[in-house]
Each structure stands twice: as structure tokens, then as C-alpha cells.
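Undergrad: Prediction below, plus the sequence it came from.
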Amino acid sequence: MKKRHFLFFFIFTAFEVIAQPDRTIFLNSGFSFNNNLQLNAAKVTNSKGYVLTYGGSLTVFSVKEKYVSIGIAGKTIFASGVRNAEKFNVVTLRLVFPLKMVFPLTEKWLVSPGFNFQNNIDLNDPDFRLGYKNLWRLDYSVGMKYLLKNQWFMTTKVKLNLQNIPDVFFFNDPKFALLVGIEKSFFKDTKNNL
């Protein structure tokens with residue numbers, strides 16, 4: 001699995017280097033949670049996870065400091081919980097395509113509602129079927145960005161899945177996540193500083 005993490009890192013770093021101006025790289029991490037789940041008629045309790053996401057995005061449309069961006073990211077979830085009185089730990093790898101709208105509130109504060117489109121089956125799963133009806137997942141998100149300096153941002157995001165999909169898909173990737181991270185934007189006027 002370490003090879004896959006290295007591959008993700010290489011792909012996303014290359015994405016950042018060859019992308020056009022008005023691009024962003026980001027890294028965030030945080031915790032995810034579930035209410036109690038049912039899995040094969042057994043109750044799953046204390047279901048939670050630690051999430052680490054690394055990726056990049058491009059601005060595709062902008063009007064007066066408001067913009068829309070799309071991106072690609074690798075997401076690793078370190079999930080745990082209790083099922084049938086036994087603790088479990090599992091690591092899951094996902095590919096995420098974030099779409100967000102960004103609106104300034106002040107000179108330093110921005111709000112960014114959006115969506116995350118991602119695979120719903122672990123990339124490590126040998127039975128990764130493209131035609132499977134629950135293959136994809138759509139998470140809703142809202143975030144805040146605070147400008148530190150030189151286009152560096154501190155970010156915080158809340159993500160929630162409202163889809164009616166079986167509980168088994170939240171076993172490895174819980175429904176609710178709270179994330180904190182950093183983001184670096186590169187604009188045309190700073191292109192030579194790369």
C-alpha cells in the first residue's frame with residue numbers, strides 16, 4: 001500500500017507543477033464520525049476515523065473575487081470502531097474530485113461551499129467494478145479559509161454525506177468529517193516565484 005501512497009503523492013505533485021496559473025495545492029486532516037451502523041445485522045459502535053487528504057485544484061471560473069474551482073485529491077481514512085464486541089481498524093484509499101465555490105467575506109476570510117465526488121469502494125479492493133451502482137459517493141461540504149500571507153491559507157471544512165446508501169459504505173469512510181488544513185494558491189503575478 002505504501003507504493004500507492006507514493007503514486008498519489010507523485011500524481012498530485014505533478015498536477016500542481018504542470019497546471020495553469022490560478023491553481024492551489026492543499027493538505028488537510030481531521031476526524032470523521034458515524035452514528036451507530038448496522039453491518040450484517042450486527043451493530044457497529046464508536047465508528048470514527050482519521051482522514052488525510054492531499055491534492056490540487058484549478059480555478060475554472062471567476063467573477064469579482066468569487067470563483068469556482070475543481071480539483072483532484074487522494075484521501076486516506078484510518079477508520080476504527082467496535083463490532084460484535086471486537087475492535088476493528090481499517091485503512092481505506094479514495095480518489096476525490098472536489099468542486100467548490102469561493103466567496104470573500106472580508107479581505108482575509110473566505111467561505112467555500114461545495115461537493116466532493118469520490119469513489120465509494122477502496123482503491124485497494126481487487127473487486128473494483130465500474131458498473132456497480134454504489135461505486136460513487138457525493139459528500140456536501142462547507143469550509144472557511146483565512147489568508148495568512150503570501151497566498152497561504154488556514155482552512156477548516158465540514159463534510160457530510162446525505163445519500164441513501166447502505167451502511168457498509170460508511171464503515172470505512174464515515175458520514176461526517178471535520179477537517180483542518182493548509183492551502184497554497186499560485187496566481188499569475190506569483191508564477192515566477194514557483
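TA: Now that the structure is in, tell me what you want to look at.

Undergrad: The biggest strand by length in the chain pairs with which strands, parallel or anti?
TA: Ordering each strand of the chain by length in residues (DSSP state E) puts strand 42-63 first. As defined by DSSP bridges, the strand partners of strand 42-63 come to strand 23-33 (antiparallel), strand 37-39 (antiparallel), strand 66-83 (antiparallel).

Undergrad: Mind giving me the packing neighbours of the next helix or strand after the longest one?
TA: This points to strand 66-83. Using DSSP states H and E, the helix or strand that follows strand 66-83 in sequence is strand 86-104. Counting contacts by 3 or more CB pairs under 8 Å, 6 or more residues apart in numbering; DSSP states H and E, strand 86-104 packs against helix 2-18, strand 42-63, strand 66-83, strand 109-119, strand 136-149. No exception for glycine: its C-beta is placed from N, CA and C like everyone else's.

Undergrad: Which among those is found nearest to Thr24?
TA: Of all the helices and strands packed on strand 86-104, strand 42-63 sits nearest to Thr24, with 4.9 Å by CB to CB.

Undergrad: Report the buried residues of the closest one.
TA: For strand 42-63, burial by neighbour count (16 or more other CB atoms under 10 Å) applies to 44, 47, 49, 51-59.

Undergrad: Compute the mean per-residue pLDDT across it, please.
TA: For strand 42-63, the mean pLDDT works out to 88.

Undergrad: how distant is it from the center of its chain?
TA: 2 Å (CA atoms, centre = their mean, to the nearest Å).

Undergrad: try stretch 67-86
TA: On CA atoms, centre = their mean, the centre of stretch 67-86 falls 7 Å from the chain's centre.

Undergrad: If you count neighbours, what's buried in that stretch?
TA: Going by 16+ other CB under 10 Å, stretch 67-86 has these buried residues: 67, 69, 71-77, 79, 81, 83.
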